[in-house]
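Trainee: sequence unknown, structure follows:
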């Protein structure tokens, strides 16, 4: 199999998982597809050496994290004028309005700050070690530990709030006491 055919087969096999990871990193399907595509374009340049690795998907995922990190940095320095301040706790449609656990989790993840979200996605969705996450994000292991702890706490709170939104409060019980007169 030639270089391009081999890479094409890799892309066809890895694309769905890469996009799922990218959606969790970006919170947006369109941005996620762009991110995965850009990482694959960059990977193609080095495909001859990347394909010999045990897990070429991991190489692409690290590339996606690095590209997303660069995107966050570029955006952090800009002011964005909006007519109304969006409510970070309630993404469009509200993640508490669905019963699909994947959508609820993705919505809750979208409420987290970008670095915290990336830490949790890499640590638990991609099953990377704390050291691997630190290397991918360019930070200390202690930072990964604190971001994981804080992120899980915020995620628990968001998921608890979402479950309360979906579960109606029980109605007040009817008065069943009888008068003895």
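Mentor: On my side now, so go ahead. For clarity, every value in this text was computed on a predicted model and none was experimentally measured. Residues are numbered from 1 along each chain as shown.
Trainee: Could you use CA atoms for every contact and neighbour count after this?
Mentor: OK.
Trainee: Would you mind giving the domain segments of this protein?
Mentor: 1-75, 96-168 (automatic domain parsing).
Trainee: where among these is the average confidence lowest?
Mentor: Of all those, domain 96-168 carries the lowest average pLDDT, namely a mean of 84.
Trainee: show me what contacts the residue positioned nearest the centre of the chain?
Mentor: The centre of the chain sits closest to residue 24, judged by Cα atoms, centre = their mean, with a distance of 2.2 Å. Shown in contact with residue 24 (Cα atoms under 8 Å, 6 or more residues apart in numbering): 106, 109-110, 117-118, 121.
Trainee: Can you name the element that comes right after the helix or strand where it lies?
Mentor: Element membership for residue 24 (DSSP states H and E) is helix 3-26. Per DSSP H and E, helix 3-26 leads on to helix 29-45 as the next helix or strand towards the C-terminus.
Trainee: Check which helices and strands that following helix sits against.
Mentor: Other elements packing on helix 29-45 under the criterion 3 or more Cα pairs under 8 Å, 6 or more residues apart in numbering; DSSP states H and E are helix 3-26, helix 56-76.
Trainee: Give me the contacts around the helix or strand just after that helix.
Mentor: As assigned by DSSP H and E, the chain's next helix or strand after helix 29-45 is helix 47-50. The contact list for helix 47-50 (Cα under 8 Å, 6+ apart) reads 3, 7, 43, 56, 59.
Trainee: hmm, 6 Å instead?
Mentor: Contacts with helix 47-50, where a contact means Cα atoms under 6 Å, 6 or more residues apart in numbering, come from residue 56.
Trainee: same question, stretch 26-41
Mentor: Under Cα under 6 Å, 6+ apart, the answer for stretch 26-41 is 19, 22-23, 60, 63-64, 110.
Trainee: Buried residues in the top helix by length along the chain, which are they?
Mentor: Using DSSP state H to define each element, the chain has its longest helix at helix 141-166. For helix 141-166, the neighbour count (16 or more other Cα atoms under 10 Å) marks 141, 143-145, 147-148, 151-152, 154-155, 158-159, 162-163 as buried.
Trainee: could I get the residues you listed as a markdown table with distance to residue 132?
Mentor: Shown next, in a markdown table, are the buried residues of helix 141-166 (distance: Cα to Cα, whole Å):
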| residue | distance to residue 132 |
| --- | --- |
| 141 | 9 |
| 143 | 12 |
| 144 | 10 |
| 145 | 12 |
| 147 | 14 |
| 148 | 13 |
| 151 | 18 |
| 152 | 18 |
| 154 | 23 |
| 155 | 22 |
| 158 | 27 |
| 159 | 27 |
| 162 | 31 |
| 163 | 33 |
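Trainee: Tell me the one of the residues you listed nearest residue 131?
Mentor: residue 141 (5.8 Å; Cα to Cα).
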